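In: just to be clear, the model below is a prediction. Sequence and coordinates:
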Amino acid sequence: RAWNRFIPILLLLFLLGAAAVLARTRIPQRRIASALIAVIVLGLTAMDSTLPFRAAYAQNASEAAEITLAAEDYAQRVNAQIPENCGVLQLPYMAYPEFGKVGDINDYDHFWTSITNKGKRWSYGAVKSTDASIWAAQLPELPTNEQAALLRGAGFCAIHLDLRGWISENRPGLIDNLTARFGPPITTGFQDTWLMFDLRGITPATPSEAVEAFIHQPMITEDPQTARPRETALENSWWWVKQPRSILTITSTRPETPIATIRGSIAAPQCGPRPVTLTFAANEQQSSTTIVSEPGIPTPFELTLPVPSTSIATLDVQAPGPECRGPDYEGARFIQVMDLRAY
């Protein structure tokens, strides 16, 4: 900020100095006059380009200094409570790079905690749609107890919750959920918008093959023509199927972790119960089941292929019946596919 005040003075001194230098040279007076005019124009252009943005520059510098100091203080607090070098899951999930804002969190804001705390391994920064990030992208809003145990098995020790990613009305529910399962935050930071929850009390999942399958899980994608985008709240995630039939694609991320099983649950919309046929298929093989689904009541299912696939599998969801529409949601709904996990 202090330097910003002196920008006009420095530019003026530069112009005067340039004029004095030119006046002492043996260049013809006409050329000196032209050079002085050019210097003055350049100086005025620089002032005109800089001064309008001086306040914005000063504000950005001030905010960066504030969050840096907060992150350094947070790092000291976190490392005092958890001294070991271990993984930290950063929530809300933000893809990297160029994800856009989530609530009041800007792109790359998740980096503040990692660049000021080298004593931990932070989840943010893995390139989106790659094997390194798919597991985090497919978590629900908050990890389940099963997922927390798998994270522990993978070397994670804590959850960093940035409350700026949610509207104020939803924040108490997030804190209450994590506190009930993992205890109160071990420390807070950045005006109490950063909360750290300790996972070390969770028994790590075994065997190691289950942990590897979780970290290298296949990518599940919906058909946008027949299913709505994935939604999530607290420990649940789901797709609403908006046509009588929809196909979800399950893509293996590496040969070492093939696709063998898919499990989840389904629930009918409020219009009433309906039969649902689920078919899990890959490489000219399939496993199928038919369930009568009740409105709002999740019914679990699990399907396993005779031979695991190392490429692509599909989950064919058929839910015949009348489309369901309601005042609280847009478009038709035929069935809700919930909490899918493939491994």
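Out: Looks like it arrived, so ask away.
In: state which strand of the protein is the longest.
Out: The longest strand of the chain (DSSP state E) is strand 299-309.
In: I'd like the next helix or strand past it.
Out: Going down the chain from strand 299-309, the next helix or strand is strand 312-318, by DSSP states H and E.
In: what's the first helix or strand after that following strand?
Out: strand 335-342.
In: that next one to strand 312-318, inter-axis angle?
Out: Counting by axes from the mean of the first three to the mean of the last three Cα atoms, to 10 degrees, strand 335-342 lies at 160 degrees to strand 312-318.
In: can you tell me what sits against stretch 101-117?
Out: 67-68, 70-72, 74-75, 78-79, 88, 90, 92, 94, 96-100, 120, 122, 124-125, 160, 162, 164-167, 194 (Cβ atoms under 8 Å, 6 or more residues apart in numbering). Heads up, the C-betas are built off the backbone N, CA and C, glycines and all.
In: what's the mean pLDDT across the helix or strand hosting residue 76?
Out: Per DSSP H and E: residue 76 is located in helix 54-81. The predicted model assigns helix 54-81 a mean pLDDT of 79.
In: and what of stretch 213-220?
Out: Stretch 213-220 comes out at a mean pLDDT of 96.
In: which among the contacts of stretch 101-117 count as buried?
Out: Among the contacts of stretch 101-117, those scoring as buried are 67, 70-71, 74-75, 78-79, 88, 90, 92, 94, 96, 99, 120, 122, 124, 160, 162, 164-166, 194 (criterion: 16 or more other Cβ atoms under 10 Å).
In: next, count neighbours for the spatially closest residue to residue 75 that is not a sequence neighbour.
Out: Spatial nearest neighbour of residue 75, excluding adjacent residues (Cβ to Cβ, 6 or more residues apart in numbering): residue 117 at 3.6 Å. For residue 117, the number of neighbouring residues by other Cβ atoms under 10 Å comes to 20.
In: which SS state does residue 117 fall under?
Out: coil (DSSP: H, G, I helix; E, B strand; the rest coil).
In: need the per-residue pLDDT for the most centrally placed residue in the chain.
Out: Central residue of the chain (Cα atoms, centre = their mean): residue 94, 1.7 Å from the mean position. For residue 94, the pLDDT comes out at 96.
In: so which strand or helix has it?
Out: Using DSSP H and E, no helix or strand contains residue 94.
In: likewise for residue 174?
Out: Going by DSSP H and E, residue 174 is in helix 171-182.
In: now residue 271
Out: Using DSSP H and E, no helix or strand contains residue 271.
In: for stretch 235-247, give the mean pLDDT please.
Out: 97.
In: next: stretch 136-143.
Out: 98.
In: please apply the same query to stretch 170-180.
Out: For stretch 170-180, the mean per-residue pLDDT is 98.
In: and for stretch 283-290?
Out: 95.
In: now what about it, what contacts it?
Out: Contacts of stretch 283-290 (Cβ under 8 Å, 6+ apart): 275-281, 301, 303-307, 309, 311.
In: again, 10 Å this time
Out: 259, 261-262, 275-281, 301-314, 316, 318 (Cβ atoms under 10 Å, 6 or more residues apart in numbering).
In: show me how far that stretch is from its chain's centre.
Out: Stretch 283-290 sits 33 Å away from the centroid of its parent chain (Cα atoms, centre = their mean, to the nearest Å).
In: please point out which parts of it sit buried.
Out: So, applying 16+ other Cβ under 10 Å, buried residues of stretch 283-290: residue 287.
In: also stretch 142-161?
Out: In stretch 142-161, counting by 16+ other Cβ under 10 Å, buried: 142-144, 147-154, 156-161.
In: among these, which are located in helices?
Out: Counting by DSSP state H, the part of the buried residues of stretch 142-161 found in helices is 147, 148, 149, 150, 151, 152, 153.
In: nearest to residue 225, of these?
Out: Residue 225 lies nearest to residue 147 out of these, by Cβ to Cβ, at 30.0 Å.
In: which residues does that closest one contact?
Out: 89, 135, 138, 139, 140, 205, 214, 235, 341.
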